[in-house]
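> Quick one: sequence and predicted model below, then my questions.
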Amino acid sequence: MNSKAIAVTGLRKAFGEKAVLDGIGFEVAAGSVFAMLGPNGAGKTTTVNILATLMKADAGTVRVAGHDVATATRQVRAAIGVTGQFAAVDELLTGRENLQLMADLKRVSGSQVVDRLLERFDLVESADKMTATYSGGMRRKLDLAMTLVGNPQIIFLDEPTTGLDPRSRRTMWGIVRDLVADGTTIFLTTQYLEEADQLADRVAVLDQGRLVAQGTPAELKGQIPGTHVRLRFAALDELDTAARALPGSTRDDEELTLRVPSDGDSKSLRALLDRLDDVMINAPEFSVHTPDLDDVFLALTGHKTAEEAMAQ
Ligand SMILES: Nc1ncnc2c1ncn2[C@@H]1O[C@H](COP(=O)(O)OP(=O)(O)OP(=O)(O)O)[C@@H](O)[C@H]1O
């Protein structure tokens, strides 16, 4: 495989009159985590389905593991694993039987593979219980374990932690990090900004069928105004002097603070500190504030994420 695990250009898909994907393009480097971030109905599952050869695109090119999904379905399928929102777990089988079934389907021989996965996902104790008795978190783990049978190079995780409690979510994140450390490429979709921030090397924001932004989490945060330095002074005359020395800043006389717009990088911070030195002022408190992905989402799409709206 070349260094691009996934390459997509001009991808379009409509259901009837409704354009769900309106010409999107992106690339995913091998061995990295790419997060597609978007609210309910943005088109995330549709994208996963097309990339995983489960659905045909109307237009555009999609290459996965170096193969065109339209013409080399078999080769693409051999290279990928897919974990969806609706788990492939059979409730009437035990965890072990589900894994063994997957191993048989993928023609992976030996019960060792199954044992190792049960151990890795901390499912040994429940291995011989019917999965109908599993919690949501256990089921997700089993589903992901089933995806890993046969060591796929590229894994699609469609909203892997939706509905999970914070602890199970962190366990999932740990598993994703381990997979990437082993060289696996991960394409994940999420509605959770924190998840994208925590896991992804690159993030693409999908809104109403279009990618409204792409970049590293830090780049996305840097795209919107809002990074600033907050300085607190010991006395009003010092605040006065500093405010004069730093044009464009906003002062709060009660708090004795000054808010200075900044790129937040070392060069601009040094320049700011030099200005304070020039006028011989010391700020006992100094902090850099970077907007989070919630701010980015709001700025890019004009509306809040479902997660944020729910929290209000
Ligand atoms: N097979 C289908 N037939 C008709 N419309 C569909 C079909 N699949 C998806 N859609 C519509 O396409 C839009 C995008 O759906 P998709 O499932 O890709 O969104 P999503 O971003 O994954 O959202 P969610 O988080 O709710 O799963 C939705 O409006 C959905 O109703």
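Yep, that arrived. Residues are numbered from 1 along each chain as shown.
> Could you identify the longest helix within this structure?
helix 166-181 (DSSP state H).
> And that one, what's buried?
Judged by neighbour count using 16 or more other Cβ atoms under 10 Å, the buried positions of helix 166-181 are 168-169, 171-173, 175-176, 179-180. The way it works is simple: take the backbone N, C-alpha and C, and place the C-beta from them, glycine included.
> Count the neighbours of P247 for me.
When neighbours are counted by other Cβ atoms under 10 Å, P247 registers 8.
> Ramachandran coordinates for it?
Main-chain torsions, P247, degrees, to the nearest 10: phi -60, psi 150.
> for S262, same thing?
Torsion angles, degrees, to the nearest 10, at S262: phi -160, psi 150.
> My guess is it contacts R230. True?
No - contact criterion Cβ atoms under 8 Å: S262 and R230 do not qualify, at 9.9 Å.
> got any residues that touch both of those two?
V288 (Cβ atoms under 8 Å, 6 or more residues apart in numbering).
> Same drill for those two, tell me which one is more crowded.
S262 (20 against 17).
> List the contacts of the more buried one.
227-229, 268-269, 272, 288.
> Check those and tell me the two furthest apart.
T227 and L272 (12.2 Å; Cβ to Cβ).
> Which one of the two is surrounded by more residues?
L272 (20 against 17).
> those strands in this structure, which residues are they?
4-15, 18-29, 33-37, 59-64, 67-68, 80-83, 154-158, 185-190, 202-207, 210-215, 228-232, 250-252, 257-261, 285-289 (DSSP state E).
> Can you give me the neighbour number for E97?
16.
> Could you report the distance from G60 to the ligand?
To the ligand, G60 is 15 Å away according to Cβ to the nearest ligand atom, to the nearest Å.
> That residue reaches A7, doesn't it?
No - using Cβ under 8 Å, G60 is not in contact with A7, being 10.7 Å away.
> related to what we said a few turns ago, including distance to the ligand, could the buried residues of helix 166-181 go into CSV?
Shown next, in CSV, are the buried residues of helix 166-181 (distance: Cβ to the nearest ligand atom, whole Å):
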residue, distance to the ligand
S168, 19
R169, 16
T171, 22
M172, 17
W173, 19
I175, 21
V176, 18
L179, 22
V180, 23
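> quick one: which of those residues is nearest Y192?
R169 (8.2 Å).
> nearest spatial neighbour of the closest one, skipping sequence neighbours?
T161 (4.4 Å; Cβ to Cβ, 6 or more residues apart in numbering).
> The one you found and T190 touch, don't they?
Yes - if you go by Cβ under 8 Å, T161 and T190 touch, sitting 7.2 Å apart.
> about what we covered before: make a markdown table out of the strands of the chain and add distance to L300.
Putting the strands of the chain into a markdown table (distance: least, Cβ to Cβ, whole Å) gives the following:
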| stretch | distance to L300 |
| --- | --- |
| strand 4-15 | 20 |
| strand 18-29 | 15 |
| strand 33-37 | 10 |
| strand 59-64 | 22 |
| strand 67-68 | 31 |
| strand 80-83 | 27 |
| strand 154-158 | 22 |
| strand 185-190 | 16 |
| strand 202-207 | 6 |
| strand 210-215 | 5 |
| strand 228-232 | 19 |
| strand 250-252 | 24 |
| strand 257-261 | 20 |
| strand 285-289 | 19 |
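> Indicate which one of these is closest to S126.
strand 80-83 (18.6 Å).
> Walk me through which strands that closest one pairs with, and which way each runs.
strand 154-158 (parallel) (DSSP bridges).
> how near is P39 to Y192?
With distances taken as Cβ to Cβ, to the nearest Å, P39 is found 11 Å from Y192.
> what's the closest non-adjacent residue to the residue most central in space within the chain?
Geometric centre of the chain, nearest residue: A196, 2.7 Å, by Cα atoms, centre = their mean. Leaving out its chain neighbours, the residue that sits closest to A196 by Cβ to Cβ, 6+ apart is A35, at 4.0 Å.
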